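> Need a 3D model of the sequence below.
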Amino acid sequence: MKQVVLIGLLSLTAALPLGAREKDPLTLRVSPAVSFAPANLIVRTTVETNAANRAMEIVAESEDFYRSSEIQLDGDSAPRTTQFEFRSLPPGTYEVRAVLYGAGGDARAEVRQQVNVIASGAGN
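Predicted coordinates for the structure are as follows:
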C-alpha cells in the first residue's frame with residue numbers, strides 16, 4: 001500500500017511544472033493577414049501590467065512604405081489592450097511591429113508579424 005501511495009505522489013509531482021513561466025510582456029495581433037490594396041489593418045496589442053511601462057510604438061513598414069504611431073503609457077495604470085488602425089496601405093509585404101519602452105527609453109519588449117497587401121488589379 002505504501003508503494004502505491006508513493007508512486008502516486010511521484011506521478012503527481014512529475015506532472016507539476018518546474019517553474020512558473022512569465023507571461024509575455026507584449027503580444028501583437030494584426031488582421032487581416034492578407035488583404036487587397038488599399039488595405040486597412042487593425043493592430044491589437046496586449047501589454048502586461050508593469051510600473052516600468054512608459055510608451056509603445058507601432059510600425060507598419062514595407063519596402064516602399066512606412067507608417068508609425070506612438071502612445072504614452074502610464075505604467076501599471078495603462079490599459080492592457082490597445083487597438084491601432086493603419087488605413088489605405090498600398091500593396092506590399094509589411095512587417096508590423098510593436099515596441100514597448102521603459103522609463104529610461106529602453107526597449108523592454110518587441111514583437112513582429114508579417115502581413116501581405118495585394119494589388120487589387122483594378123485600374124492597373
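> So Asp76: helix, strand or coil?
Here Asp76 is recorded as helix under DSSP: H, G, I helix; E, B strand; the rest coil.
> what ranges of this structure fall below the confidence cut-off?
1-22, 122-124 (pLDDT under 70).
> And the strands in it?
Ranges of strands in the chain, per DSSP state E, are 26-31, 34-36, 39-47, 55-61, 66-72, 81-89, 92-101, 107-118.
> Let me have those in TSV, extended by mean neighbour count.
Any C-beta I mention is one placed from the backbone N, CA and C, and that applies to glycine too. Output for the strands of the chain, formatted as TSV (neighbours: other C-beta atoms under 10 Å):
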stretch	mean neighbour count
strand 26-31	17
strand 34-36	14
strand 39-47	18
strand 55-61	19
strand 66-72	13
strand 81-89	14
strand 92-101	20
strand 107-118	16
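> Quickly list what the most centrally placed residue in the chain is bridged to.
The residue lying closest to the centre of the chain (C-alpha atoms, centre = their mean) is Leu28, at 1.9 Å. Taking DSSP bridges as the rule, Leu28 bridges to Thr45.
> Just list the residues touching it, thanks.
Val43, Arg44, Thr45, Val96, Arg97, Ala98, Val111, Arg112, Gln113 (C-beta atoms under 8 Å, 6 or more residues apart in numbering).
> Centre of the chain to stretch 107-119, how far?
With C-alpha atoms, centre = their mean, to the nearest Å as the basis, stretch 107-119 stands 9 Å off its chain's centre.
> Could you do stretch 92-99 as well?
Its chain's average C-alpha position is 11 Å from that of stretch 92-99, according to C-alpha atoms, centre = their mean.
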